[in-house]
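>>> how does the following fold in three dimensions:
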Amino acid sequence: MIKDMMDKQVLELKKLWANKRQLTFQLLNLAMIVFSALMIWKGLMFATKSESPVVVVLSGSMEPAFQRGDILFLNNSVDRVYVGDVVVFKIRDRDIPIVHRILKVHEKPDGKVELLTKGDNNRVDDRGLYAPGQLWLEREDILGKAVGTLRYVGMVTIALNDYPVLKYVLVGMMGLFVLTSKEG
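Numbers count the residues shown, from 1 in each chain. Below you'll find the predicted structure:
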């Protein structure tokens, strides 16, 4: 069954290669899909004032509030964050953001705010995770406050990161289907 489907897709791709006008149309269609997704992402970045408006929970440190694979929607346009807020922050010289709850807010007389975070499922605060010599997070370290969630939908992202070959197979199949699909 899968072999028949693949043979059909290969045949359609050969027909498409012979028809340059149709090939160009399908490539433009694929480009439109990719650029539309990029525009939506950039629009979300602008609206939420966050460099990463959507993140996937990668560990169990926030259980039971959030499970591994949950997708969180962030908003960084809020002026203040409070004790108990779930935030996503980034540590200097580390690529992967961390999702944890604010444990303490320390406001200095000059108005500067320092934050201490902790995962709900962790025994100690996050000072051991921060950059060497860093005892508090600053407001600039926060990528956003969690304002919504989709349960377990991010497991797809985790699977694609754990098994990189899946990424190439999925992207290749999507490209093949877009190129060989016919307009009604």
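>>> contacts and neighbour counts: CA atoms only from here.
Fine.
>>> and the strand or helix carrying Val10, what does it pack against?
Counting by DSSP states H and E, the element that carries Val10 is helix 2-18. Applying 3 or more CA pairs under 8 Å, 6 or more residues apart in numbering; DSSP states H and E, one finds that helix 2-18 contacts helix 20-48, helix 164-180.
>>> buried sites along it?
9, 12-13, 16 (16 or more other CA atoms under 10 Å).
>>> of all the helices and strands packed on helix 2-18, which lies closest to Ile142?
Among the helices and strands packed on helix 2-18, helix 20-48 comes nearest to Ile142, with 12.5 Å by CA to CA.
>>> tell me the angle the closest one makes with helix 2-18.
Interaxial angle, helix 20-48 versus helix 2-18 (axes from the mean of the first three to the mean of the last three CA atoms, to 10 degrees): 100 degrees.
>>> tell me what the residue nearest in space to the middle of the chain is bridged to.
Geometric centre of the chain, nearest residue: Val55, 3.7 Å, by CA atoms, centre = their mean. Applying DSSP bridges to Val55 yields these beta-bridge partners: Leu72.
>>> wait, what's in contact with it?
71-74 (CA atoms under 8 Å, 6 or more residues apart in numbering).
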